[in-house]
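Visitor: Got a sequence here, can you build the structure:
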Amino acid sequence: MSYQAGVYYFDGRLITPTEARTILESVSCEDYGPPVSSQEPGLFLAQAGVFRPGIAVVTQMGRSQTRLMTFDGRIDNREDLALRLGDRLPSNASDSALALAAYEAWGGEGLANLVGDWSLAVWDAPMHRLLLASDYASCIAGALDRCLPVR
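Guide: Below you'll find the model as predicted:
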C-alpha cells in the first residue's frame, strides 16, 4: 500500500518549491518509507510506500521516455500480460513496469487487461493527459460514484 499525491496545472506553469514540499509532506508518514517524486512542466507526482518491519519498502514509480506512472497494488495476471506484451519488458519487471507497458501498448483502454488490486496515475506527455485509474473491484467495493471509465 502506498500514498500517491500530485498536482497538475493545465496551463503548464511551474510547480513551486513550496507546493512540491507540501505534496511530499502529504505522502510522508511515520509508517511509510521516504517519498519519491518526479516533476515535469506543470506536473508533480509523489509516492511513498508503507514500511513494515522486515519487509523492504516498495515504491512503484515507473517511467518511460514519454510517460510517468505511480502505481500501488499488485497484478495477478502477470504471465498472461507478459505473453501478450512479448519482448516489451524483462521477465522480472515490476508490477508498475508491467502496467506501464500495458498502457503504452494498448492505451487507457488496455488497463482493463490488468487483473488485480491496483490504482495508478499516468502522465502521458505526448497526449498531454493525466489519467487516474483503479481496478474494477475497487469501484465495486464502494467507490463506484468516484470511478470513471478509462478513456
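Visitor: how about residue 126, secondary structure?
Guide: Secondary structure, DSSP: H, G, I helix; E, B strand; the rest coil: residue 126 is coil.
Visitor: in terms of contact, does it touch residue 65 like I think?
Guide: No - in this structure, residue 126 is not within contact of residue 65 by C-beta atoms under 8 Å, at 9.7 Å. All C-beta spots, glycine's among them, are computed from the backbone N, C-alpha and C.
Visitor: Can you pull up the most central residue in this protein?
Guide: In the chain, the centroid-proximal residue (C-alpha atoms, centre = their mean) is residue 70; its distance is 2.4 Å.
Visitor: Look up which helix or strand it falls in, please.
Guide: Assessed by DSSP states H and E, residue 70 sits inside strand 67-75.
Visitor: Help me confirm that residue 124 comes into contact with residue 69.
Guide: No - between residue 124 and residue 69 there is no contact, the gap being 9.4 Å when judged by C-beta under 8 Å.
Visitor: And the strands in the protein, which stretches?
Guide: 2-8, 36-40, 43-49, 60-63, 67-75, 116-124, 129-134 (DSSP state E).
Visitor: Lowest average confidence across those, which one?
Guide: When these are ranked by mean pLDDT, strand 60-63 comes last with a mean of 78.
Visitor: Can you give me the buried ones in that strand?
Guide: For strand 60-63, the neighbour count (16 or more other C-beta atoms under 10 Å) marks 60, 61, 62 as buried.
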